[in-house]
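Trainee: structural data only, the sequence is not supplied:
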């Protein structure tokens, strides 16, 4: 149980275009989802926290107009990178929490974005 | 504010040797602590977690960690390393709440040699 999927697993796009990444909790309802960014050989940096039906809470330094997060249902959250630039190239990982009090987050397999 | 320090960005052990990955934390409230493993180009898999129950926590794949409040540590150990243990390991801290934020350490890459 507690499986989280991400789609696509990798994507290449041209500079100036937008890319949408989906994060789904497959066998549980996720009251909260998190989006992380990971640069090569570095740790995960939290970008934003989203609760179903509410606006996402962005971490300091993360441009909310560039990284649009939608948590439309208890099993789906999307991250849209708008007007992508090469510096947005990174590994994006989502996680989902059922909010059951065990403080655990279940992580997706990640999406590698390359902007050319 | 919560933080995690992982000493040693790279650890190399021989197959069959003891694995010790160090993690120290800082938290203003009793923390929840986690160890995750990441294989190349994959997401994170939970190895084990401490949530204020037993201080010695056993996880998957033979790993365990001991919460030591006096030392603010949560070191990860495995008695005998296997080649399949080679991966990146992250320690993380949460200050509670039903879905509170995780703060990750910088990670330790474990290399296992023959």
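Mentor: Sure, I can see it. Keep in mind it's a predicted model, so treat the numbers as computed, not measured.
Trainee: for chain B, which residues are neighbours of chain A?
Mentor: B:32, B:34, B:36, B:41-46, B:49, B:51, B:90, B:94, B:96-107 (Cβ under 8 Å from any Cβ of the partner chain). Every C-beta, even on glycine, is put in place using the N, C-alpha and C of the backbone.
Trainee: 7 Å - rerun?
Mentor: B:32, B:41-44, B:46, B:49, B:51, B:90, B:94, B:96, B:98-102, B:104-107 (Cβ under 7 Å from any Cβ of the partner chain).
Trainee: which among these end up buried?
Mentor: B:32, B:42-44, B:46, B:49, B:51, B:90, B:94, B:99-102, B:104-107 (16 or more other Cβ atoms under 10 Å in any protein chain shown).
Trainee: now, which of those residues lie within strands?
Mentor: Using DSSP state E, the subset of those located in strands is B:32, B:44, B:46, B:49, B:90, B:94, B:104.
Trainee: most widely separated two among those?
Mentor: Farthest-apart pair in those is B:32 and B:44; separation 15.6 Å (Cβ to Cβ).
Trainee: which SSE is the residue nearest the centre of chain B in?
Mentor: Nearest residue to the geometric centre of chain B (Cα atoms, centre = their mean): residue B:35, 3.3 Å. Assessed by DSSP states H and E, residue B:35 sits inside strand B:32-38.
Trainee: strand partners of that strand, parallel vs antiparallel please.
Mentor: Using DSSP bridges, the strands paired with strand B:32-38 are strand B:44-50 (antiparallel), strand B:87-94 (antiparallel).
Trainee: dump the ones you listed into a markdown table; add mean pLDDT as well.
Mentor: Listed next are the strands paired with strand B:32-38 as a markdown table, based on pLDDT from 0 to 100:
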| stretch | mean pLDDT |
| --- | --- |
| strand B:44-50 | 92 |
| strand B:87-94 | 94 |
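Trainee: reformat these as JSON lines; add distance to residue B:19.
Mentor: What follows is the strands paired with strand B:32-38, written out as JSON lines (distance: least, Cβ to Cβ, whole Å):
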{"stretch": "strand B:44-50", "distance to residue B:19": "11"}
{"stretch": "strand B:87-94", "distance to residue B:19": "9"}
